[in-house]
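Trainee: Sequence unavailable; structure follows:
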């Protein structure tokens with residue numbers, strides 16, 4: 001195996017509950033995970049694209065599309081409650097032990113990111129390399145509606161209230177635009193992934209994606225929306 005400096009790690013466990021087998025479920029003509037693997041390979045920024053999985057069938061599909069599966073993810077890191085960073089940290093530790101060399105940069109890419117583009121991974125890499133003070137660079141997109149006017153519903157009586165009623169009459173253009181994690185990728189320095197528990201730090205920078213390129217895929221309703229968005233973007 002050649003020496004690795006920069007790797008993509010795609011977490012893909014086999015026990016997804018809300019959409020069973022969603023990581024390899026066919027999405028618009030190919031397995032969902034194939035989109036993430038192909039974007040990572042096409043970016044040309046990785047010495048290796050690795051899938052961290054506990055599932056033999058996912059590993060087989062990942063290999064078919066060009067990713068490597070150099071280890072099996074342990075069961076204690078494959079349940080419903082395991083956060084992402086410990087999975088990336090485990091991949092770093094195993095890869096470094098295998099090659100006796102420290103990695104430099106790691107990119108966590110989610111397996112359910114069918115709109116991920118290679119150019120955005122390149123943007124993230126370039127941003128991290130150009131700013132020595134940064135630890136993480138990750139994808140975000142803007143909210144479609146001002147969050148300052150968000151409402152909640154009282155469970156007792158169904159009455160609605162604003163979270164920030166002081167903005168009830170503020171013009172939209174006068175409110176600060178808000179963003180959320182797009183859930184596609186997290187570039188990070190090796191030491192940052194090893195030592196931090198959260199990518200949202202004062203040393204993190206965003207790559208802003210258009211909303212037409214972002215869709216959560218956690219439920220069947222999400223899946224249907226993603227398929228419609230895929231065909232609209234074609």
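Mentor: Arrived safely. Since the structure is predicted, the reported quantities are computational estimates derived from the model, not experimental observations. Numbers count the residues shown, from 1 in each chain.

Trainee: By residue count, tell me the biggest strand in this structure.
Mentor: Longest strand of the chain, by residue count under DSSP state E: strand 179-189.

Trainee: helices or strands up against that one?
Mentor: Applying 3 or more CB pairs under 8 Å, 6 or more residues apart in numbering; DSSP states H and E, one finds that strand 179-189 makes contact with strand 105-109, helix 118-130, strand 136-142. Quick note: C-beta positions are derived from backbone N, CA and C, even for glycine.

Trainee: helices and strands around the second one, which ones?
Mentor: Right, helix 118-130. Counting contacts by 3+ CB pairs under 8 Å, 6+ apart, helix 118-130 packs against helix 32-43, strand 105-109, strand 136-142, strand 179-189, strand 204-208.

Trainee: Mind checking the pLDDT average for the first one?
Mentor: The predicted model gives helix 32-43 an average pLDDT of 98.

Trainee: Residues in contact with the longest strand of the chain: which ones?
Mentor: 84, 88, 104-110, 113, 115-116, 120-121, 124-125, 127-128, 134-143, 199-200, 206, 208-209, 213-214, 216 (CB atoms under 8 Å, 6 or more residues apart in numbering).

Trainee: Buried ones only from the residues you listed, please, as a ChimeraX command.
Mentor: To isolate the buried ones among the contacts of strand 179-189 in ChimeraX, judged by 16 or more other CB atoms under 10 Å, type:
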select :88,105,106,107,108,109,110,113,115,116,120,121,124,125,128,134,135,136,137,138,139,140,141,199,206,209,213,214
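
Trainee: and the most centrally placed residue in the chain, how far is that from residue 125?
Mentor: Taking CA atoms, centre = their mean, the centroid of the chain lies closest to residue 184, which sits 3.1 Å from it. As defined by CB to CB, to the nearest Å, residue 184 lies at a distance of 14 Å from residue 125.

Trainee: For the protein, just list every one of the helices.
Mentor: Assigned by DSSP state H, the chain shows helices spanning 32-43, 56-64, 84-99, 118-130, 190-195, 220-233.

Trainee: Now tabulate those in TSV and tack on distance to residue 70.
Mentor: Formatted as TSV, the helices of the chain follow (distance: least, CB to CB, whole Å):
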stretch	distance to residue 70
helix 32-43	15
helix 56-64	10
helix 84-99	7
helix 118-130	21
helix 190-195	17
helix 220-233	30
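
Trainee: Tell me which of those helices is the most buried.
Mentor: Burial of the helices of the chain is given as mean neighbour count (mean count of other CB atoms under 10 Å); helix 32-43 ranks first at a mean of 22.

Trainee: who touches that one?
Mentor: The contact list for helix 32-43 (CB under 8 Å, 6+ apart) reads 8, 10, 12, 22-27, 46, 49, 51, 58, 61-62, 65-67, 107, 109-119, 121-122, 125, 217.

Trainee: Stretch 67-85 too?
Mentor: Contacts for stretch 67-85 (CB under 8 Å, 6+ apart): 1, 10-11, 13-15, 17, 37, 40, 48-54, 59, 62-63, 86-87, 90-91, 94-95, 98, 108, 186, 193, 196-199.

Trainee: pLDDT below threshold where in this protein?
Mentor: Segments of the chain classed as low confidence (criterion: pLDDT under 70) are 1-3.

Trainee: tell me the residue furthest from the middle of it?
Mentor: Distance from the C-alpha centroid of the chain peaks at residue 157, with 37.8 Å (CA atoms, centre = their mean).
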